[in-house]
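Asks: Just a sequence and a predicted model for now, questions to come.
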Number of protein chains: 2
Amino acid sequence: MDSWLVNGVAGDTIKLDDRGFSYGDGLFETIAVRNGACRFLDNHLQRLEEGCSRLRIPFREHGMLRTEVTQLAAAVANGAAKLIVTRGRGPRGYRLPDVCMPTRIVGVQETQPVACPAAGVALRYCETPITRNPALAGLKTLNRLEQVLARAEWSDTDIAEGLMLNDRQEVVCGTMTNVFFVRDGMLYTPQLSESGVNGIMRQQVLAVAGEKGIDVREVAVSKSELSQADEIFLTNALIGLWPVSQLDCQSFGRGPTSAAICAGLAARGVTECAAL
Amino acid sequence: MDSWLVNGVAGDTIKLDDRGFSYGDGLFETIAVRNGACRFLDNHLQRLEEGCSRLRIPFREHGMLRTEVTQLAAAVANGAAKLIVTRGRGPRGYRLPDVCMPTRIVGVQETQPVACPAAGVALRYCETPITRNPALAGLKTLNRLEQVLARAEWSDTDIAEGLMLNDRQEVVCGTMTNVFFVRDGMLYTPQLSESGVNGIMRQQVLAVAGEKGIDVREVAVSKSELSQADEIFLTNALIGLWPVSQLDCQSFGRGPTSAAICAGLAARGVTECAAL
């Protein structure tokens, strides 16, 4: 990040006894900045608020976060903003501190939007499993070692993303993306009741599908079901939507459903998708 | 912690783009300091080295860590030392940095050793599950949200610890301890192939049992097996060994096997156990 605010003060460090560092006891959001504005900021703040509630982090400064990230983003043409909320500082030990003063962090970074690869991207399956834990499912917590280990499995730059499976051999998500597939005109995406992140762009895809009368089912997804898909695509807040052209050794084409979703996302401000 | 060294320099902060903070991408050790010396330091350093290897953190400064923590601990009569190694700073994204410069942190804190409760401690079962992931099993990583949520389940100070179960309803560990039980003179402890921390005091218990000819089995443990135990005890590096007097509504007594293990630990320098 090019600039950071920690509890409203410019700085690029955090205390070593912050539980965000000690235990990963916190949450984060990664937000696309386009023309100086945070895209889908309300949705990001809402997910963060829900996460704080589920982790019992008594954070009440969502309004401050909104103000701060909006101000920082205004100085950036295009890039990424990051929000982090931790449970704050505390003595050694997992027990929640008697007095909990959450830490609020905002950062922004100027970067060019990733060009949407119209020809589609290639994927692989990761061997690192994603664990099932309903208490953390859907949240974007600071505990991300599984994603780090999965992403470390390949260095081939032709592979854009890796899909992660749980111990039941269900496909849950990419290391940094949600996954969708189309079969016979129906849109499917893995359910997130036990693992995975409730992605902001995933929410937008579901909303667009609703608008356009495309039926969506959130289901358990096997590798074999995915291999029979007519279309596959990935989403996240920064990339928008990436069509998938290859998964392991199998090729996939683009199709009408992902084209319709793309058009809907573009209409909602995901301009990267307009090129598809 | 009363004093910290970050990469050998006194300080109490870490950079916001350190992956230890961003993703919990690192490991830690908590070490008992007794009379100015780090107890079982070799074992802690060995576990840390194994963890770095398994997480592919190219850390080679174990000798520096040893020197630094030994120097800091010498200024403290009794207390706790903490070692932290992270993958270091990196740009946004899970992908491992092209150049990886791990961060090395040492802290010490003066505290009185916890008096070993001769009458035993009371336990509960936690509802927060511990997930199964062989890639992280045994390691003390900075991803500790499951333990935080489990420890947050109770505030009754009469309850010393909570036991965590995996999704197969196997008892794996306490939030901050390893667990052992005795049945018909045989010592049992949960296997750690899928979850849990390979505790340093657990290693010592296994070594003492070997010396004393006590048979030990590392097994899958159910609640019903634990309820039939003759003796139960907990261990960690700071507490040594705690006999368990109560688990949920059931009472447990002390017995000859835990007494023998205690004596063996005391002989190895775990002086807290000498009082038992």
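Replies: Ah, there it is. Model, not experiment: these values are computed from the prediction.

Asks: show me the contacts for the residue in the stretch 151-276 of chain A positioned nearest to chain B.
Replies: When scored by C-beta to the nearest C-beta, the stretch 151-276 of chain A has A:Arg151 as its residue closest to chain B, at 4.0 Å. (C-beta placed from N, C-alpha, C; glycine too.) Under the criterion of C-beta atoms under 8 Å, 6 or more residues apart in numbering or on different chains, the contact partners of A:Arg151 comprise A:Gly162, A:Thr175, A:Met176, B:Gly93, B:Tyr94, B:Arg95, B:Leu96.

Asks: Show me the helices in the stretch 1-150 of chain A, by range?
Replies: Assigned helices in the stretch 1-150 of chain A, in chain order: A:19-23, A:41-55, A:62-74, A:145-151 (criterion: DSSP state H, counting those that start in this stretch).

Asks: Mean pLDDT for those - can I get that in CSV?
Replies: Rendered in CSV, the data for the helices of the stretch 1-150 of chain A read as follows (pLDDT from 0 to 100):
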stretch, mean pLDDT
helix A:19-23, 98
helix A:41-55, 98
helix A:62-74, 97
helix A:145-151, 98
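
Asks: Which stretch among those is buried most, on average?
Replies: Mean neighbour counts were taken over these using mean count of other C-beta atoms under 10 Å in any protein chain shown, and the top value, a mean of 28, falls to helix A:19-23.

Asks: Output the contacts of A:Arg151 in JSON lines, with distance to B:Ala237 and pLDDT appended to each entry.
Replies: Supplementary listing: the contacts of A:Arg151 in JSON lines, determined by distance: C-beta to C-beta, whole Å; pLDDT from 0 to 100:
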{"residue": "A:Gly162", "distance to B:Ala237": "36", "pLDDT": "98"}
{"residue": "A:Thr175", "distance to B:Ala237": "33", "pLDDT": "98"}
{"residue": "A:Met176", "distance to B:Ala237": "36", "pLDDT": "98"}
{"residue": "B:Gly93", "distance to B:Ala237": "35", "pLDDT": "95"}
{"residue": "B:Tyr94", "distance to B:Ala237": "31", "pLDDT": "97"}
{"residue": "B:Arg95", "distance to B:Ala237": "34", "pLDDT": "97"}
{"residue": "B:Leu96", "distance to B:Ala237": "30", "pLDDT": "97"}
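
Asks: What subset of the residues you listed is buried?
Replies: Buried members of the contacts of A:Arg151, scored by 16 or more other C-beta atoms under 10 Å in any protein chain shown, are A:Gly162, A:Thr175, A:Met176, B:Gly93, B:Tyr94, B:Leu96.

Asks: Domain boundaries for chain A, per the record?
Replies: Each domain of chain A is listed here as a residue range: A:3-110, A:121-275, per automatic domain parsing.

Asks: Kindly report the residues of the stretch 101-250 of chain A close to chain B.
Replies: Among all residues of the stretch 101-250 of chain A, those adjacent to chain B (criterion: C-beta under 8 Å from any C-beta of the partner chain) are A:105, A:107, A:109, A:128-129, A:131-133, A:135-136, A:141-152, A:167, A:175-176.

Asks: just to revisit the earlier point, out of the buried ones among the contacts of A:Arg151, which is nearest to B:Cys38?
Replies: Distance to B:Cys38, by C-beta to C-beta, is smallest for B:Leu96 among those, at 30.6 Å.

Asks: Skipping its backbone neighbours, what lies nearest the closest one in space?
Replies: The shortest distance from B:Leu96 to any non-neighbouring residue, by C-beta to C-beta, 6 or more residues apart in numbering or on different chains, is to A:Ala152 (5.2 Å).

Asks: what does A:Arg56 give?
Replies: Excluding the flanking residues, the one nearest A:Arg56 by C-beta to C-beta, 6+ apart is B:Ala152, at 6.2 Å.

Asks: Quick check: chain neighbours aside, which residue is closest to the residue minimising distance to the centre of chain A?
Replies: To find the centre residue of chain A, average its C-alpha atoms and take the closest one (C-alpha atoms, centre = their mean): that gives A:Gly199, at 4.6 Å. The shortest distance from A:Gly199 to any residue that is not its chain neighbour, by C-beta to C-beta, 6+ apart, is 4.3 Å, and that residue is A:Asn178.
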